[in-house]
Structures are given as C-alpha cells and as structure tokens.
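Undergrad: sequence and predicted structure, then a few things I'm wondering about:
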Amino acid sequence: MNTKITWREIPQARLAMWALIAGEFAIFGGLIVMYTLNRLKYESWGEMAQHTNVIAGTINTLVLLTSSFFVVKAHEAALHKNKEKVKMWIWLTLICALLFLGIKSYEYYHEILHGFTLPGTQLLAEGKHVETMYWSFYYTMTGLHGLHVIGGALALFFVMRHATKTEKDYHRIEVAGLYWHMVDIVWIFLFPLIYLIH
Amino acid sequence: MNTHKKHGFWHRYFFSLDHKDIGFQYMLTIFVMVSIGGFFAYVFRMHLAYPEMEVPLFGLVTNKDYNMLITNHGLIMMMWLALGMLLAVAGNYLIPIMIGTDDMAFPKLNKLSYWFFLISVILMISSFFMKRGGFGGGWTMYPPLSVGDFGYNTAYTSFKDRFFTANTFVLLAITFEFIALLMGGINFFVTTLNKRAKGMTLTKMPMIVWMINIASVLFMFSVGPLIAGAFMLLLDINAGTGFYDVYRGGDPLLWEHLFWFFGHPEVYVILLPPLGIIAEIISTNSRKPLYGYKFILNLTLIAAILSMMVWAHHQFVSGIDPRAATIFSIFTIIISLPFAGIILAYIATLWNGDLKINLPMKWAIGAITLFTLIGGFTGLYLGASVFDIYAHDTSFVVAHFHYTLFPTVIFGSFAAFYYWFGKFSGRELNKFWGNVHFWLTFIFFNGFAFPLFLLGLAGQHRRIADYRQFEFLMQDPLPLYRQIATISAVILILSQFIFIFNFFWSLKRGKKVTSDNPWESNTLEWQTASPPPHGNFAVYPEVHHGPYEYNHPDREDDFLPQNKK
Amino acid sequence: MRIFPENASSYGADVDFIFWLITGVITVASIIVIFLILYPILTKNKSRTKEQRYQQGKGFQKLKLIYLGIAILAIADFYFLFEEGPIWRNIEETLPEKEVHVIVMGRQWLWEFTYPGPDGKLYTADDVKTINKLYLPVNKNIHMDLQAYDVIHSVFIPHARFKQDVLPGRNITKWVKMTKTGTYPLTCAEICGIGHANMKAEIVVLLNEDYKKQMAKLYKK
C-alpha cells in the first residue's frame, strides 16, 4: 500500500469536493427518484409538463453546458497561473450563470402568471388536485437547483477574486469548478425529466 | 487542556480552530441537550407511573405536554446525543490524534460545522417555546400529523402563523444538524485518507477511526433523501404544497420510507463508533491483538451496505405491500449475522487475554453483554414479521431500542470518557465514584428497561399519556411494572449526576496523571503529552506497527507502541 | 401470571407460537454467550504464554468457531423465517371467504364503525354506524376495510394479535376471526395528536343470533 500511495496524492480539497458532490447527489437523487415514481403513477403530469417552456429550458441547458466549458478553460488557465485568462473565463462563466438565472426567472414569471404556483391555488379551484403536485415538484427541484447555481457562482467568484488578488490558491479554481460541473450534471438530469417527457 | 491559557474564554469556547477544543465545545453543548432530554424522560416516566400526581419540578402533565415530552426526548436523544456524541465528539477528538496528525484537514470547516450544530441546538430549544407549544407529533414526525397542528384545533391564518410553529423549527433544527454532521463527515473522511502519519496504512489504523469513517459515509448517503424530504415537509407546512397530502397526489407513506431509509442506517451510524471504542478498550485491556481485524472490518462494510436495505422493517404494518415485508424481513434477519460475527470476534479477543478489569473495561463488557443478549436478540422477535404485528408500536419496541441504543450510546460514551479522560484533561477521574456510577447505571438501566418488555407483551401500546382508561393494562402486576420502571429510571437519571460532578471536579481538581500512557496502549494518542499540546505531537510520529500488537512474542514488554521501532 | 392478553382470535396462537419459538432458541444462545463472556473474566486466563495471547485471528481455530457461530445463528434465523412465512401469508396476504364486512375508520379521536344496512352491502345509503363500539359475531371471517379520516392511526386489537396502520386516502382490507365471545379493547397504536391516549373502542363479540339481534336494533335507530 505504501509504495503506491494513492489517497495521499490527491489534494485534500479535491477529495472533500468529491465527498460533497456525493452528498449532493444523494439529495438530488432522492428528489429525482421520488419525482420519477410519481411521474409514472400520474399520467396527467405529462399534460402539465406541456405547460413548461421547452425552448427556454433548451437554451438554459446550452447556457450551462457552455459555462462548464468556460470553467474547464479557467482551470487550464489556472494551471498556468495565468491571472488574466482565469479572470476572463470565470467572468464568462458567471455571465452564463446570470443568464441561466434570468431565463429561469422569466419562466417562473410566466408560469406564475398562468396560475401554476407552488401551492397551486388555481388548479385546486379547478379540481385538479393531483396536478398541483407536478408544480410543487417543479418548483422544489428547479428552485433547489437554482440555489445551487447561485451558490456555485458565488463560490467561483470569491475563489477567483482570492486567487487573482493574492496570486496563490489557484487549485481552488479547479475545486469550485468541480462543484460547477456537478450543478451542470444535475440540470442535465432535471431537464429531460421535467421538460421533455410528455 | 492547559494549552490555551493564553486565550480567553471566548476564544476557547467559540472561536478556537483546534480539533480538541471543537470536540470539547460539542461535548458541552451535548451535555446541555442531554440534560433536557433526561429531564423530559423523568417527567413523563413519573407521569406514567403516578398519573394523578403533580410531577415535582414540572407540575401536572396534560396529554399535550406528554406528547411534547416524549417527542422531544426521542429527537434530542437520537439526533443530538447519539449522533453528536459519537460522530462529532468522538470523531473530532480522536481521529486526528489517533492517525498522528496535528489537526483536521479543514479546521475552519470544522469550526463552521460546530456553528451549524449550535444553531440547530438553539432552533431546537426555541421550538419548545412556540405559541402553540412544543412539537408533539412523535419523533418520527409522520405527516399528515406533523403538517398540521397535532390536533390543537387552531386554524392557521398567515405565513407567520405557520412559520413560527414547533414543526417548522424542529425541521429546520434537524436540517441544520444534518448539514453540520455532513461537513464534519467530509472533514473526517478527508483527514483520514489524506493526513495519516507516515507509515500508517489503511489497515494499520485503529478500529475506531475506521468505524467513525464508515459511519460518516453511511450517514452521508442515507441522509440525502431525508434532507430532500424534510425540505418538502417544510414546504408542506409553510407553502401549502401537498407532497404528503394524499388528496393531492401525495403520499404519507413516502415520508415513512424517506425517514426510515435514513432512520435505519442511522442506527448503524450510531452503533459503529461505540463498536470502535469497545474494540480499542477490549484489545488494550486484554493485552491481546484485536481478534480478526480485517474480518471485523469486512463484516462492518457488509453490514453498512445491508443496512440500506432493511428500512421497511419499521413499517411491517404501516400499509406497505405484505409481500415486500417478507423480503425486508429476510434482509433484517440477515443483517444480524455480520454483527454476530463482530461481537464473537470481540469475545474471542477476551479469551486467552491477560484481562485488566478496570473501569473502561467494565463499561465495554457491560455494553457488549446488554447489547448482544437483550438488545440484539430481541431484535429477532421484531425482525420476524409475524410477531412484529403484535409487538409493533408497543412498549416491547421501546424496550428493544433502549436496549440497543443505551448500551451502545451511553455505555460506549462512558467507556470512552473513562478511557480517554486522562489524555483529554491530564487528570484522573475518581475511581471509587466511577465504580459507583457504573454499577448504579448498569443495575437501574435494566430495572428501567426490562419491565417494558413485559408491559409490551401484555399489550401496552406506546405514547399513551394515561393507561388508567385501559382496563386490560391496569390488571396486576402491570401498574407495578410501570412503577418499577419509573423508580429505576429516576435513580438512573440521578446517578448520572455522580458522573457530571466527577467529570467537572476532576477536570479542575482531579489527581494529575502520572503517566502519559496509563493503560500501556499502543495507539498514537497515548504517545504524546497529556493533555496533548496544540498540534498534538512535538515530533510527528512515524508508524511501524499495527495498532494492536500486545504481547508480541519477540518483545520483552507486553505492548508495542505504533511509533516505536 | 399471564404474559400475553388472553387469545381470542383464530391466528393469535400462531403469533404467540413464534414468540415462544424465538424465546426458546435465544435462551439457549444467551446461555452460551454468557458463558463465553464470563469464562475469561472469571478465570482471568492466568496461565497463558505470550504466544497463546498473541493471536492475530488469521487462520486460527477461533475464526472457524466464529464462522460456526454465524452459521448456527443463520440456521436459527432461517428456521424462524421458515416457520413464520406461512403464518404471515395467512394473516396478511390472504383473505379467507368473506362472511361479515365492516368499515373501521379512525379519526381524531374516535373509532367509527360502519356495518352494511338491511341490504347486506357496504357503501350504500342504508349503512349503519356505531362510534367506539364494534359488534362482531363469533367464529366468522370478518373483513375489515381499514381507513383513516385525517391522520395516520393504527388499529390494535391486543387480544386478537391484530395490528394495522390506517392511512388517510387508503383502504386496507384485512381479516380477523374472533373465537371467543366477550368484550375486548381496540386501541390506537400510532400517535395521532393530543387525543391519542383517549382513542379506545370496545369490540363486543357476540354469538351469531345475538349479533343479528344487535344489528336489527341498530337498523331501527
């Protein structure tokens, strides 16, 4: 074991991030399983899913995928300790994050306008009791994911500021980037489940 | 504990980054929580045995008070005492020093996790003082009861009304505590993998380090869905969603599944660290290598994986498909096997050993005996689904889980206190009062919990404030059993004061330890000063041996410290 | 002194049998474990050499003994499962032919029992209800539709060894066959709010003709 040490060669921050990501997957995994089971049970949820804005969702998916690419580039720049490039790529990522949140808010705005709210008062009044649950899951899952987007973006921002100011701790860019990829992957699970299956 | 004299009170108890100080902060916080939980137990036990009496220090217990007392007793003991003491305190104090490093991998994260823990404690305590009273929906918090007002018939009118209820606060408290323990768990995991002393391979780690880490990882994977579920329950209470409302497509059984999917692994999260503590103590005091180190480790890993597949045995009669119950019954029965192996390996360690029956050893053997003979074996009754139809939600279950949790959590913690106190404080606990404490606890714990088996078999169902209205439960000798249980419980609680006085008195005035290694133990924490300085070791140790090389035939001494060549 | 309440149902004795079976086996097992723990403590293993004490648990005799212990427990465990399987299927998974049909509804904090009206069918307009008192005929297969109105309750009939949680929005059908006449308690075993402790009902098990008379009385009301 000693001659081929593996664990100790892994930077501890990366190890911790892996553990955190595993924990996050347990949380989102639980939600996704619950949602999927209900989705299979209630056919009328497909009808509700048609009220989601698929175009906005697709754009958002592309935005997040692009931002993941930017984070990879930022990591590459961080390996070379290239201050300016790190700054640029992270800022591009942050713009993507803001774009994502903006589009998501636009979607929320229109859904709420159409009466699809979290407690679903309007649907309840129409007697569509089961359908309100779709929107409860929709807001819970995308909302929780949105919080993670905000958290990940803040983490990237502070890590970038710290790294470029002090010219050290560049490895943190990679760690925050890992988290960002996790946020991205969660969305890739959520998008088809919520938007696409009718 | 004299290393921080230059720092003031605030620094030591609130801002210190040293893992030993953080462990101590956790310990003091948990002492506060345990006192509350113990006081609740005293009140409702008194009420059960003497229902017409005003309980001293509390007054008359109404049904509402009673529900609140049992619920919060359960929550505090399970979530804050058991998880906190065994993961947070033991992990924080022992892991860095036993693997021979200076501190946790992320001291600031460690501090943050304590702060979250403190917030959870504050939220929990403030939940008792909500306008509608404390949370009274059972510690398992089954909706729809926990969504509403527990039947106080008070209509909610506004968001403020809903938010400032005990339900919301308890759920928030639990979520905060889980986040604290998750952060702690990540820290343990990284510290263990990454900061081990030179030469300490994974199989040269002391058993307790393994156990706490397995428990932390198990906790991390089982708690995720419950965090999501708690979030959904919070939304049900505060935002009017219907995740658990059957009339809106939700399902109350969903919560039961989520809760027990966490709840059963949690039992093993709680059980594994005491098994580690017991392994350390038994091996040291038998002057013998721990029997079958890798064997125990493998069995533990098997048990950890199996523990994720047995949750529904808490729900045999909850309305799940009876055919599913059969499968869970089989898994439940199978999970007894690895633990039988572990316990037998511990007993095999005793055989041929040069036994030193000192205080930690007494607690350790007491824990094994009670846990196996009564806690473990009565699990078979409940794992057998047929008898569970009758025993479910009766005092039989209460007795069973007290016999599994009390010997592990309480006996295990006391074993650790008596074993490591010298290291932790540089002083000795009083032995005479330690013995008195042990025997009183041992005897009166049995006096308290055993009658509950008989009451449960007689059909006494749980969580009933007043048994006088049930004629079949008032026949002789059942009221007598209730009184025996209560009197024993009161003496049990009182005898813990002996420990508390002994602890704090010894901390300040106890006899100074004469040796840094009083038990002549091998593990690294004994190879440094007592108490260990900030940074733990003057020179970082290098490890050459496994942790349990006692009575090595080639050596003159009967022990061989890990860092000795 | 009796350990269980008097058995009054057709399958109660089977449940008790499982209890005594497990008790018998674990009594023997406990004696062995007590011996295994006490022997080294009492004898203190004084005359052992260093070699004897230093055992790593690899390829030693004792590891085989541990495997033997696990195997014995496994056999005992699976014997329990083997014995209880048919009983479980009988109580929980099968429904014998229906002779009497009632609805048991739990609500905060009382039990509501519904019987078929003169037409002999449940869920019709002429159904009759009683509160906190359930009349049942002796020696008949009784199907109970178990329901809850508001929160989770649990129907517990200690003398029949019967228990089933009831959930709002679900109908769970279980059966029971009372073998003795008399009055037995029916309690709630799942916490359901401040009135949980007061939720108790009586089951009055009557001879067949008395039961019919009782039903006729209910119809008149």
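TA: Noted; the coordinates are in hand.
Undergrad: start to end distance for stretch C:129-149?
TA: End-to-end distance of stretch C:129-149 (Cα to Cα, to the nearest Å): 15 Å.
Undergrad: oh, that last question was meant for stretch B:119-133, not what I typed.
TA: For stretch B:119-133, the first and last residues are 20 Å from each other (Cα to Cα).
Undergrad: near chain C at all, it?
TA: No: shown here: stretch B:119-133 not in contact with chain C (Cβ under 8 Å from any Cβ of the partner chain), separated by at least 9.7 Å. C-betas here are computed from N, CA, C, even on glycine.
Undergrad: where in chain C is the helix or strand with the lowest mean pLDDT?
TA: The weakest-scoring helix or strand in chain C, judged by mean pLDDT, DSSP states H and E, is helix C:50-53 (a mean of 81).
Undergrad: export it as PDB, just CAs?
TA: Output for helix C:50-53, consisting of C-alpha atoms alone and laid out as PDB, is shown next (Å, rounded to 0.1, in the frame of the first residue of the first chain):
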ATOM      1  CA  LYS C  50       2.800 -14.900  25.200                       C
ATOM      2  CA  GLU C  51       2.400 -17.000  22.100                       C
ATOM      3  CA  GLN C  52      -1.100 -18.000  23.200                       C
ATOM      4  CA  ARG C  53      -2.100 -14.500  23.900                       C
END
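Undergrad: for the helix or strand following it, buried residues please.
TA: Towards the C-terminus, the helix or strand next in line after helix C:50-53, according to DSSP states H and E, is helix C:61-88. By neighbour count, and taking 16 or more other Cβ atoms under 10 Å in any protein chain shown as the criterion, the buried residues in helix C:61-88 are C:62-63, C:66, C:69-70, C:73, C:76-77, C:80-81, C:83-85, C:87-88.
Undergrad: and the helix ranked longest in chain C with helix C:61-88, angle?
TA: Ranked by number of residues, the top helix in chain C under DSSP state H is helix C:12-43. Relative orientation of helix C:12-43 and helix C:61-88, computed by axes from the mean of the first three to the mean of the last three Cα atoms, to 10 degrees: 170 degrees.
Undergrad: for helix C:12-43, buried residues please.
TA: C:12, C:14-16, C:18-19, C:21-22, C:25-26, C:29, C:33, C:36-37, C:40.
Undergrad: from C:Glu83, how far out is the nearest residue to C:Asn90 once chain neighbours are set aside?
TA: Counting by Cβ to Cβ, 6 or more residues apart in numbering or on different chains, C:Asn90 lies nearest to C:Tyr11, which is 6.3 Å off, once chain neighbours are set aside. C:Tyr11 sits 14 Å away from C:Glu83, going by Cβ to Cβ, to the nearest Å.
Undergrad: helix or strand next in line after the helix or strand bottoming out on mean pLDDT in chain A, which one?
TA: Least confident helix or strand of chain A, by mean pLDDT, DSSP H and E, is helix A:121-125 with a mean of 81. Toward the C-terminal end, the helix or strand that comes next after helix A:121-125 (DSSP H and E) is helix A:129-166.
Undergrad: and B:Glu525, what does it touch?
TA: With contacts taken as Cβ atoms under 8 Å, 6 or more residues apart in numbering or on different chains, B:Glu525 has the following neighbours: B:Leu94, B:Ile97, B:Met98, B:Trp420, B:Lys423, B:Pro532.
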